[in-house]
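**Student:** sharing a sequence plus its predicted fold:
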Amino acid sequence: MRKETHKFMNRGLALLGLIALAVSTFGQNTGGSSAAQTAPGTDQSSKPHDGTYVIGASDMLSINVWKEQDVSRIVPVRSDGKISLPLVGEIQASGRTPLQLEQEITSKLKTYISDPQVTVMVQESKSQKFNVLGMVAKPGAYPLVSSTTVLDAIALAGGFRDFAKKKSIYVLRKDALGQPQRVPFNYKDVIDGKGAQQNIQLQADDTIIVP
């Protein structure tokens, strides 16, 4: 009887050991421990902002401070180019990129919060736009929220209409003195790989003309 009891106990202990090992392995594979998970905002490579965009008046900004809901909010850029945040106060946003604004907010919050994790995104762009006019499917004004080329703009405008003169497209852009300049764009050459330099990145208030 004693031998049978010992065998039963040994089998039970072995089974418990296997269950514990399985639970431990599952927790490691699924990131079971919350302490081991990476805090939001610590992976700089996944930042959702575009370093080329310059914030302007009337833009709507989404500002998130990890674990600080009282500070996190969506704010408009006022006509004077500033925004207001709790603990930070008034701060200049216009003329800066989201990354630059993010860094300044982080610096100011360090007085009140230990190691603040701040993310700034352009929720809605109202200050910067470009125009696509002429023989395209959807002519009009479009927000310039990221690096946008002439080809990108034509695609956003729905492509060409019938009889569009694809070799005679041009971009109207103001120079440093405010005078309009024509920047030629030959769609067929660019598509054929002959004029890639013509596929320039658009600037605020550029107008693409498709005759």
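**Tutor:** Sure, I can see it. Numbering: from 1, shown residues only.

**Student:** so which helix or strand of the chain has the lowest pLDDT on average?
**Tutor:** Comparing helices and strands within the chain by mean pLDDT, DSSP states H and E singles out helix 2-29 as the least confident, with a mean of 47.

**Student:** direction included, what does the next helix or strand after that one pair against?
**Tutor:** As assigned by DSSP states H and E, the chain's next helix or strand after helix 2-29 is strand 60-65. Sheet pairing for strand 60-65, assigned by DSSP bridges, gives strand 73-76 (antiparallel), strand 118-124 (antiparallel).

**Student:** can you lay out those as CSV showing mean pLDDT?
**Tutor:** Formatted as CSV, these follow (pLDDT from 0 to 100):
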stretch, mean pLDDT
strand 73-76, 96
strand 118-124, 92
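
**Student:** which intervals of this protein have sub-threshold pLDDT?
**Tutor:** The chain contains residues with pLDDT under 70 at 1-50.

**Student:** got the domain ranges for it?
**Tutor:** Using automatic domain parsing, the domain parsing of the chain gives 2-30, 44-124, 129-210.

**Student:** need the ones you listed in TSV (columns: mean neighbour count).
**Tutor:** (C-beta placed from N, C-alpha, C; glycine too.) Below are those laid out as TSV (neighbours: other Cβ atoms under 10 Å):
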stretch	mean neighbour count
domain 2-30	10
domain 44-124	16
domain 129-210	15
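
**Student:** and the residue lying closest to Trp66 once chain neighbours are set aside, how far is that from Leu172?
**Tutor:** Nearest non-adjacent residue to Trp66, counting by Cβ to Cβ, 6 or more residues apart in numbering: Gln117, 3.9 Å away. Note on Gln117: its distance to Leu172, by Cβ to Cβ, to the nearest Å, is 42 Å.

**Student:** what of Ile55?
**Tutor:** Taken as Cβ to Cβ, the span from Ile55 to Leu172 is 24 Å.

**Student:** summarise which helices and strands the helix or strand harbouring Leu151 is packed against.
**Tutor:** Assigned by DSSP H and E, Leu151 belongs to helix 150-156. Counting contacts by 3 or more Cβ pairs under 8 Å, 6 or more residues apart in numbering; DSSP states H and E, helix 150-156 is packed against strand 129-134, helix 187-191, strand 207-210.

**Student:** who's in contact with that helix?
**Tutor:** With Cβ atoms under 8 Å, 6 or more residues apart in numbering as the test, helix 150-156 has contacts from 130, 132, 136, 138, 142, 148, 160, 169, 171, 185, 187, 190, 198-200, 202, 208, 210.

**Student:** how long is stretch 180-189 end to end?
**Tutor:** Terminal residues of stretch 180-189 are spaced 24 Å apart (Cα to Cα, to the nearest Å).

**Student:** scratch that, stretch 203-211
**Tutor:** First-to-last residue span, stretch 203-211, Cα to Cα: 21 Å.
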